[in-house]
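> Predicted model, plus sequence, below.
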Amino acid sequence: MCRSNSVNHPAGLSHIMGADQEENRASKLAAMSTEDRELAMLEMSADDFFWVSACHYDAGRTKPSAVFLKRAASMGHVPSKGLLGVRCFFGDGVQKDKVKASEMFEELVELKHPVAMFALGILLVRENNKERGCSLIKDAADLGNALACQYLEEDGDDLNPLTWTLLKHRHTWNSCRVGGTDDHIDGKAPRHGRGRRAGRT
């Protein structure tokens, strides 16, 4: 049984300022001809690659999206690393590889990334490594991660499908602060109680 300490969670925050502007710029890059885009890519930042990847993904082009996401991740872009880990777990535009997904989450856990802590935690719980999995989920909740708080608050017998959907969404990773609280998904700060299980397989 996973027990969590009482935590005061910060109020929810709005999505990152300037995100719409970044998405508009990324849409233009994604719409360029191959030649023009290759030239533009020479001056693109990791954020640029991240948002172009998002535009491709939103349009249902998962494989091109993965190419740009990998480029951003290779440049040390933390949200891209986490999102790529999720895509590796599901085989979403990339080869399905749970081991690689776990390794990518582990790298971010070392940075005390709350979403990565939660993602790796639920994977470990489902793989019957409940001791460490529970510990990571509690740590993520203590850092204010909304998904971890909700998971501990509810019955952990079955993982809510919405949780997986949110883990696959870029805003879940892009709004997170390494080593601190993340922007709550629904603008609220859920409480997590005592005596709840962190899931059973």
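Nice, thanks for sending it over.

> okay, CA-based contacts and neighbour counts for the rest of this
OK.

> which residue sits closest to Val67 in space, ignoring its chain neighbours?
Nearest non-adjacent residue to Val67, counting by Cα to Cα, 6 or more residues apart in numbering: Ser53, 7.5 Å away.

> close enough to count as contact, that neighbour and Leu69?
Yes. Assessed by Cα atoms under 8 Å, Ser53 is found in contact with Leu69 at 5.5 Å.

> Now for Leu83: which residues touch it?
Leu167, Lys168, His169, Arg170, Trp173 (Cα atoms under 8 Å, 6 or more residues apart in numbering).

> tell me the contacts of the fourth one?
Contacts of Arg170 were listed using Cα under 8 Å, 6+ apart, and they are Ala54, Pro79, Leu83.

> Now tabulate those residues in a markdown table and tack on secondary structure, pLDDT and distance to Ala31.
Compiled in a markdown table, those are given as follows (DSSP: H, G, I helix; E, B strand; the rest coil; pLDDT from 0 to 100; distance: Cα to Cα, whole Å):
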| residue | secondary structure | pLDDT | distance to Ala31 |
| --- | --- | --- | --- |
| Ala54 | helix | 90 | 13 |
| Pro79 | helix | 93 | 23 |
| Leu83 | helix | 95 | 23 |
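
> Out of these, which comes closest to Phe90?
Closest to Phe90 out of the contacts of Arg170 is Leu83 (10.9 Å), distances taken as Cα to Cα.

> Show me the domain layout of the chain.
14-76, 78-201 (automatic domain parsing).

> so which helix or strand takes in Gln49?
Residue 49: Phe, not Gln. helix 46-58 (DSSP states H and E).

> after that helix comes which helix or strand?
On the C-terminal side of helix 46-58, the nearest following helix or strand under DSSP H and E is helix 62-74.

> who's in contact with that following helix?
45-47, 49-50, 52-57, 79-81, 84, 92-94.

> Show me just the buried residues among those residues.
Among the contacts of helix 62-74, those scoring as buried are 46-47, 49-50, 52-57, 79-81, 84, 92-94 (criterion: 16 or more other Cα atoms under 10 Å).

> give the contact list for the nearest residue to Ala72 once chain neighbours are set aside.
Distances taken as Cα to Cα, 6+ apart put Ala46 closest to Ala72, at 4.5 Å, once the chain neighbours are dropped. Applying Cα under 8 Å, 6+ apart, we find Ala46 in contact with Arg71, Ala72, Ala73, Met75, Gly76, His77.
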